[in-house]
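J.: Need coordinates for the below:
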Amino acid sequence: MADLGVRPGGDATVALQRALDSLAARGGGTLRIGGTYRAGVAVVRGSNITIEGDGGTLRDTRIVVAPGARGLTMRNLTLLETRGRADSYLLDISGSDCRFDNLSLIKRPMAGGYQGYLRATSRGCTFDGLRLDGSNGLFVSGSDHTFANFELVSTLRRDMGGDDAFAIKAPGTITQNIVIRNGTVRGYAAAVSIGSEVGSSAEHRGPGIVRNVLVENVVADRCQMVCFIKPGALVYDWRNGLVENVTLRSIRLTDPGGFLFARGVAISTGRGAKVRGVTARDIVIEARAHSQGVMPTAAVDLGIRNVGAPGSIEDVDIQLTYDGSGSAGYPVDQIVRIEKENPSVGTMRGISLDVTGSDARIAGIYVGGGLDGAVTVRRANLRRVALAPPASLGAAGIWADSRVNLGSVAVEAVRAPNRGGRAR
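T.: You can find the predicted model right below:
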């Protein structure tokens with residue numbers, strides 16, 4: 001940058017764009033940053049361009065990788081947003097085969113909003129050593145993306161920022177083959193979410209599919225959820241989405257003080273959406289709930305909303321350990337909660353559980369009505385459940401209003417009054 005006549009700290013918007021356009025015209029090359037410069041929007045076109053940060057910083061700069069751009073490499077660079085705007089973001093990727101090594105996206109002062117977007121046309125992008133700080137995470141769509149060795153930090157406040165770390169979407173498109181591994185996220189709503197923008201809407205008429213997602217070896221520190229799969233479930237009018245083939249493996253969530261935790265692995269559908277083929281292995285949660293009575297809390301929460309066309313959840317296999325002991329925060333309502341808002345609406349089948357858990361206010365496992373034969377508890381070791389159930393609700397180690405297939409079960413229930421239903 002110094003060779004372009006821009007002084008450190010100066011406005012490099014014009015010079016940066018000219019340099020990128022020159023490299024594109026030559027078929028590629030390297031631009032070295034070094035130092036700290038302020039710039040606006042910079043668009044990368046063409047192929048085989050390298051932006052070598054050399055430890056430098058671009059302030060208030062958005063890097064846009066245009067559709068058709070290929071083979072961009074960015075490394076050892078910080079993009080720093082200093083204007084405190086929730087609507088600002090630092091990275092916008094529509095190209096393919098890009099690599100980002102040791103890239104930092106930071107909002108200082110802190111603000112809400114995603115830090116970056118991978119658009120539906122993006123393909124084959126690899127992030128190694130990504131660092132985020134001071135806002136929400138990334139909007140992820142497109143195909144064949146890998147994120148590894150990352151550290152993502154939200155605002156660590158409850159009133160600003162801190163939405164999902166990796167927010168996987170498919171707004172009328174197909175998002176597939178996403179790998180997220182070997183990293184830490186701190187203070188987000190969910191370490192990984194899928195939805196709500198999965199399916200079709202008034203503006204997006206495409207299929208809306210997310211498939212083949214792998215999340216492994218991730219630590220979630222003071223997060224509300226490990227994973228939230230939510231096509232068609234919230235207030236947004238996304239319909240008929242499909243989420244399939246999601247694998248969660250070796251993930252640890254810790255929030256013993258109840259800073260944010262509400263649910264561990266959560267799946268919710270509505271408006272004709274389908275979720276199928278979710279496998280979770282070696283999920284370990286050590287957390288207390290942030291609140292009680294505000295929203296349902298559980299280590300595993302599967303539900304079908306009574307909104308729009310019936311939704312479905314099929315072939316979900318979860319192995320999870322939950323430790324809810326401690327004095328801060330609150331005990332969760334149930335360690336496992338499985339329910340349809342309307343027992344006659346929607347379909348669940350092939351739900352298989354292997355759960356070890358302690359400290360729940362109402363029940364260890366709750367299965368609602370309209371789910372005969374849908375749930376198999378292969379193994380359950382439940383301790384200190386039914387700690388303080390409300391008088392109006394049934395409490396038990398396992399409370400089911402549907403027929404449940406039980407394997408090896410051990411339960412220590414503190415208070416388990418009989419109020420009908422089927423309690424164990």
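
J.: Just checking: what are the partner strands of the helix or strand containing I351?
T.: Here I351 sits within strand 347-358, counting by DSSP states H and E. Note on strand 347-358: by DSSP bridges, its sheet partners are strand 312-323 (parallel), strand 375-385 (parallel).

J.: what pLDDT does the residue nearest the centre of the chain get?
T.: In the chain, the C-alpha nearest the mean C-alpha coordinate belongs to V192, at 1.7 Å (Cα atoms, centre = their mean). pLDDT recorded at V192 is 99.

J.: Can you spell out which residues form a bridge with it?
T.: On the basis of DSSP bridges, V192 is bridged to F166, C227.

J.: That one against V179, yeah?
T.: No: the pair V192 / V179 is not scored as a contact, 11.3 Å apart, by Cβ atoms under 8 Å. C-beta here means a position set from N, CA and C on the backbone, and glycine is covered the same way.

J.: and for these two, which residues touch both?
T.: Common neighbours of V192 and V179 (criterion: Cβ atoms under 8 Å, 6 or more residues apart in numbering): V213.

J.: So T279 is in contact with E244, correct?
T.: No: using Cβ under 8 Å, T279 is not in contact with E244; the gap is 11.3 Å.

J.: What ranges in this protein fall below the confidence cut-off?
T.: 1-2, 391-392, 394, 415-424 (pLDDT under 70).

J.: For it, just list every one of the helices.
T.: Remark: helices assigned in the chain by DSSP state H are 13-25.

J.: List phi and psi for the nearest residue in space to G35 that is not next to it in sequence.
T.: Distances taken as Cβ to Cβ, 6 or more residues apart in numbering put P8 closest to G35, at 3.9 Å, once the chain neighbours are dropped. Main-chain dihedrals, P8, degrees, to the nearest 10: phi -50, psi 130.

J.: roughly how far apart are the nearest residue to S88 once chain neighbours are set aside and D133?
T.: Leaving aside its sequence neighbours, S88 sits nearest to E81 (Cβ to Cβ, 6+ apart; 5.2 Å). For E81, the distance to D133 equals 10 Å [Cβ to Cβ, to the nearest Å].

J.: which residues are common contacts for these two?
T.: By Cβ under 8 Å, 6+ apart, E81 and D133 have these common neighbours: I106, K107, R108.

J.: Serialize those to CSV and add fields for distance to Y37 and neighbour count.
T.: Shown next, in CSV, are the shared contacts of E81 and D133 (distance: Cβ to Cβ, whole Å; neighbours: other Cβ atoms under 10 Å):
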residue, distance to Y37, neighbour count
I106, 15, 19
K107, 18, 27
R108, 16, 13
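
J.: Of the residues you listed, just say which sits nearest to F259.
T.: Nearest to F259 out of the shared contacts of E81 and D133 is K107 (Cβ to Cβ; 20.3 Å).

J.: check contacts around the closest one.
T.: With contact set as Cβ under 8 Å, 6+ apart, K107 has these partners: L80, E81, G84, S88, G113, Q115, D133, G134, S135, G161.

J.: Counting neighbours, what do you get for the last one?
T.: Counted with other Cβ atoms under 10 Å, residues neighbouring G161 total 24.

J.: And T30, by the same measure?
T.: T30 has 11 neighbouring residues, counting by other Cβ under 10 Å.

J.: Hmm, it is touching D54, no?
T.: No: using Cβ under 8 Å as the test, T30 is too far from D54 to be in contact (10.5 Å).

J.: any residues in contact with both of those two?
T.: With contacts defined as Cβ under 8 Å, 6+ apart, no residue is shared by T30 and D54.

J.: ok so, going back, so the residue nearest to S88 makes contact with A111?
T.: Yes: between E81 and A111 there is a contact under Cβ under 8 Å: 7.3 Å.
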